[in-house]
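Asks: Sequence first, then the predicted structure:
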Amino acid sequence: MLVVLKEGKAPLVRVLPVTRSAPTDARDALEIPLATKKRLGLDADRSWVVLTEASDFIWPGPDLRPAVNGDPSSLVYGVVPPGFMAALREKLAQPWSERRAAIAGTE
């Protein structure tokens, strides 16, 4: 999740989707390690962060739901480990620099 702040406009939250569908091209997604999924309170099925899509939502807004931890003031499920975040940042750069990625939502 990334919060985009622009003067005079509502904050935008940019998120990457998570899916259980294995990518057809390994460059387009990063598998979430099982230990990370458990820490975030997610199920044990294999899941991937999709690197070629992002969605923007106005914050606060109707498209964002409270986190599964039950805190109604939080949209955060948890923090991913630094190693996974570094791998995500590294892999994320390629599809965006190659213009194989897109953003959906509010601008």
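Replies: Looks like it came in fine.

Asks: Contact partners for Ala87?
Replies: Ala87 makes contact with Leu30 under the criterion CB atoms under 8 Å, 6 or more residues apart in numbering. For every residue, glycine as well, the C-beta is placed using N, CA and C.

Asks: looking at this, it is in a helix?
Replies: Yes - under DSSP: H, G, I helix; E, B strand; the rest coil, Ala87 falls within a helix.

Asks: From Val80, how far out is it?
Replies: 10 Å (CB to CB, to the nearest Å).

Asks: again with Arg39
Replies: For Arg39 relative to Val80 (CB to CB), the value is 8 Å.

Asks: now Leu16
Replies: 11 Å.

Asks: center of the chain - which residue?
Replies: Leu16 (3.0 Å; CA atoms, centre = their mean).

Asks: Tell me who's in contact with it.
Replies: Applying CB under 8 Å, 6+ apart, the residues near Leu16 are Val49, Val50, Leu51, Glu53, Ala54, Leu92.

Asks: Would you tell me which one of those comes nearest to Pro11?
Replies: Ala54 (15.3 Å; CB to CB).

Asks: Could you double-check that the closest one lies in contact with Arg14?
Replies: Yes - counting by CB atoms under 8 Å, Ala54 touches Arg14, with 5.3 Å between them.

Asks: Need the overlap of contacts for those two.
Replies: Shared contacts of Ala54 and Arg14 (CB under 8 Å, 6+ apart): Ile103.

Asks: Tell me which of these two has more neighbours.
Replies: Ala54 (18 against 14; other CB atoms under 10 Å).
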